[in-house]
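*Asks:* let's see this in three dimensions:
(one chain, ligands or ions: 1)
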Amino acid sequence: MEKIKCLITAGATREFFDPVRFISNPSTGKMGISIAKACRDLGWQTTLVLGAVQAPAPEGVEAVWAVSADDMLRETSKRFDDTDILIMTAAVSDMRPKKKFSHKVKKEDLNMAVEFEPTPDILKTLSARKKSQILIGFAAETNDVISYAKKKLGQKNLDAIAANNVSKPDAGFASDFNEISLIFKGGEILNLGRGTKDELAKNLAKILQKRFF
Ligand code: C5P
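*Replies:* Next comes the predicted model:
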């Protein structure tokens, strides 16, 4: 049987507005890296597109680096047609500066110089091109977690979304722990509970294999 090909994104994108400054978020990439290890261990052919992360890329996984949302879109887009499942754990910066200066902007000019625009939505862009690929998103929320996650599942046309509450103590961003509810298209919710990111990733990968392949 052919190996399942999976594409996973992890970490934060950085949107530079001059050579030394960027806007970003506190994602460390740990969840996506744990999922990449779990998929590799199931025997899947695993590619990991990494933004800024604070953990090494695992062995036995192809690692590709991306800085900005544009880079991440380009690297995932290139591989999308030859992928069976895309798992987007990356915390893509919502906004980017409209203009990138080639010189360091003077402190006193910052307020005037930097205007923002939305970044491209990678999942939305790729789901419009979807053939038989399975698309899984992540939703980090601080309140009304399930209802916001369900909304994103629909808007981005996903097969499932993993929702987590990042306002809980020691869960989500930068933690080794997380608490996940997996919501499928159609509305079914599987509560994976709280655990280490490695434990949750193993469980999630097994569930995805059983459900979709
Ligand atoms: O940022 P948001 O809560 O909308 O993220 C939900 C899902 O969408 C995540 O899986 C994230 O990786 C993805 N996303 C994306 N492109 C963006 C923003 C988020 O693919 N520009």
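*Asks:* drop to CA atoms for contacts and neighbour counts, all remaining ones
*Replies:* Noted.
*Asks:* quick check: buried residues in the lowest-mean-pLDDT helix or strand in the chain?
*Replies:* In the chain, no helix or strand scores lower on mean pLDDT, DSSP states H and E than helix 110-113, which sits at a mean of 81. Going by neighbour count (16 or more other Cα atoms under 10 Å), the buried part of helix 110-113 is Ala113.
*Asks:* other residues contacting that helix?
*Replies:* Identification of contacts with helix 110-113 by Cα atoms under 8 Å, 6 or more residues apart in numbering yields Val105.
*Asks:* report the next helix or strand after it in sequence order.
*Replies:* Next helix or strand after helix 110-113 toward the C-terminus (DSSP states H and E): strand 116-118.
*Asks:* next one: that following strand, is it in contact with the ligand?
*Replies:* No. Between strand 116-118 and the ligand, judged by Cα under 6 Å from any ligand atom, nothing touches; the nearest distance is 7.6 Å.
*Asks:* which SSE is immediately downstream of that strand?
*Replies:* Assigned by DSSP H and E, the successor of strand 116-118 is helix 122-127.
*Asks:* tell me which residues of the helix or strand that that following helix is followed by come out buried.
*Replies:* Per DSSP H and E, helix 122-127 leads on to strand 134-141 as the next helix or strand towards the C-terminus. By neighbour count on 16+ other Cα under 10 Å, the buried set for strand 134-141 is Ile134, Leu135, Ile136, Gly137, Phe138, Ala139, Ala140, Glu141.
*Asks:* cool, stretch 16-29 as well?
*Replies:* Neighbour-count burial for stretch 16-29 [16+ other Cα under 10 Å]: Phe16, Phe17, Asp18, Ser24, Ser27, Thr28, Gly29.
*Asks:* among the residues you listed, which pair sits farthest apart?
*Replies:* Farthest pair in the buried residues of stretch 16-29 (Cα to Cα) is Asp18 and Gly29. Separation: 24.2 Å.
*Asks:* okay, the longest helix anywhere in the chain in PDB with CA atoms only?
*Replies:* With secondary structure taken from DSSP state H, the chain has its longest helix at helix 197-212. The C-alpha coordinates for helix 197-212 follow below in PDB (Å, rounded to 0.1, in the frame of the first residue of the first chain):
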ATOM      1  CA  LYS A 197       1.300  17.600  23.300                       C
ATOM      2  CA  ASP A 198       3.000  14.300  22.400                       C
ATOM      3  CA  GLU A 199       0.200  12.300  23.900                       C
ATOM      4  CA  LEU A 200      -2.500  14.400  22.300                       C
ATOM      5  CA  ALA A 201      -0.700  14.300  18.900                       C
ATOM      6  CA  LYS A 202      -0.500  10.400  19.000                       C
ATOM      7  CA  ASN A 203      -4.200  10.200  19.800                       C
ATOM      8  CA  LEU A 204      -5.100  12.700  17.100                       C
ATOM      9  CA  ALA A 205      -3.000  11.000  14.400                       C
ATOM     10  CA  LYS A 206      -4.600   7.600  15.200                       C
ATOM     11  CA  ILE A 207      -8.100   9.200  15.100                       C
ATOM     12  CA  LEU A 208      -7.400  10.800  11.700                       C
ATOM     13  CA  GLN A 209      -6.000   7.600  10.300                       C
ATOM     14  CA  LYS A 210      -9.100   5.600  11.400                       C
ATOM     15  CA  ARG A 211     -11.500   8.200  10.200                       C
ATOM     16  CA  PHE A 212     -10.100   9.300   6.800                       C
END
